[in-house]
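1. just to be clear, the model below is a prediction. Sequence and coordinates:
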Amino acid sequence: MELGTLLEGLSSKTSAEFKTMPEVVEAGDSVDVATLPIEARRWTRISDVVAVVADLKSSTQLGTGSKAASTASIYEAGTGGVVKIFDSFSADFLQIQGDGAFALFWGDMRFERAAAAGITIKTFSVDFTEKIEAKWPTKPETGFKVGIASHRVLVKRVGTPRNPAQQEPVWAGKPVNYAAKAAQSADRHELVVTGSVWDQFEKNDYLAFTCSCGDGPSDTLWKDFAIPRLETDETEAQGRKLLSAWCDIHGEEFCNAILDGKKRRDDVDDLRQDRVRSQMANALWFKARQERQSRNARRIGLSK
């Protein structure tokens, strides 16, 4: 290995790269990853992508010594289950990252598919950890933490040109990073969404309000949550946290309604109006939402 020659070559390539800017191609709100170039200095910009990150709590403490077989079994069931969920809700791109995975959704119904996937992972997480605790009671507390974020991205396949096994798409932008930080700020069985994602979710009665079980529909499903790892982006940091899973009785009905594009429920009209009044009274929250909406309108307008 001629280290000096390698570093010198990299330095020269960096200097050459910075002399002229690469081409950026607008792709609207969808892209075919398989067609992305590997050698051309061309990046593709997607106007809006929704990222869902699932992170396994305390994964590094599960053990790989004498407990290697049980740890492998937990990873197999956990990560395999998350990947199955992403695929079931038609994720446009997914990637396994160690003990978890992330998926990207773009194009039609991207927020609805991402929401259904995220809540389903939460629901799966509860059953998953109950089975772990029953079989291996000494294992550390674990379970999936979920984060969802959205924004535009730049994407290009990067790697060794002549070796497809060493090529991967690079997603440059906020969605994956913000979704990861949202997941990291959650506890197991929790889902945290950024401000711009909540702006979309709150428009859907099947996502924003509880079902009719118990005392009936309520506005207690989501809690205001300031995402600590996003304090430098105040508008996105004003997020929400979901603690509940799919209802045993109404979960499938609500999930399918969301995927079918339904948004309005007759049984929550009063709750919807009360929520709007409450938000307007909360000056900080209302201002952050206005800033996000203005920014998103400019971003999507420029992308067309």
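-> Structure's in. What do you need?

2. the strands in the stretch 51-200 of the chain, which residues?
-> 93-97, 100-105, 144-159, 167-173, 191-193 (DSSP state E, counting those that start in this stretch).

3. quick one: strands adjacent to the last one?
-> Here the strand partners of strand 191-193, with direction, are listed using DSSP bridges: strand 144-159 (parallel), strand 238-242 (antiparallel).

4. now the longest one: how far from the chain's centre is it?
-> Pointing back at strand 144-159 there. Here strand 144-159 is found 8 Å from its chain centre; the criterion is Cα atoms, centre = their mean, to the nearest Å.

5. next, the angle from it to strand 167-173.
-> Taking axes from the mean of the first three to the mean of the last three Cα atoms, to 10 degrees, one finds that strand 144-159 is oriented at 120 degrees with respect to strand 167-173.

6. mean pLDDT lowest where, among the strands of the stretch 51-200 of the chain?
-> With a mean of 88, strand 167-173 has the lowest mean pLDDT of these.

7. who's the nearest residue to residue 93 once chain neighbours are set aside bridged to?
-> Leaving aside its chain neighbours, residue 93 sits nearest to residue 104 (4.4 Å; criterion: Cβ to Cβ, 6 or more residues apart in numbering). For every residue, glycine as well, the C-beta is placed using N, CA and C. For residue 104, the beta-bridge partners under DSSP bridges are residue 51, residue 93.

8. got the contact list for residue 104?
-> By Cβ atoms under 8 Å, 6 or more residues apart in numbering, residue 104 lies in contact with 49, 50, 51, 52, 91, 92, 93, 94, 171, 175, 176.

9. neighbour-wise, which of the residues you listed leads?
-> residue 52 (35 neighbours; other Cβ atoms under 10 Å).

10. pretty sure that residue contacts residue 150?
-> No. Counting by Cβ atoms under 8 Å, residue 52 stays clear of residue 150, with 9.9 Å between them.

11. give the residues shared as contacts by those two.
-> residue 114.

12. not including adjacent chain positions, what is the nearest residue to residue 172?
-> Ranked by Cβ to Cβ, 6+ apart and with sequence neighbours excluded, the top spatial neighbour of residue 172 is residue 154, at 4.3 Å.
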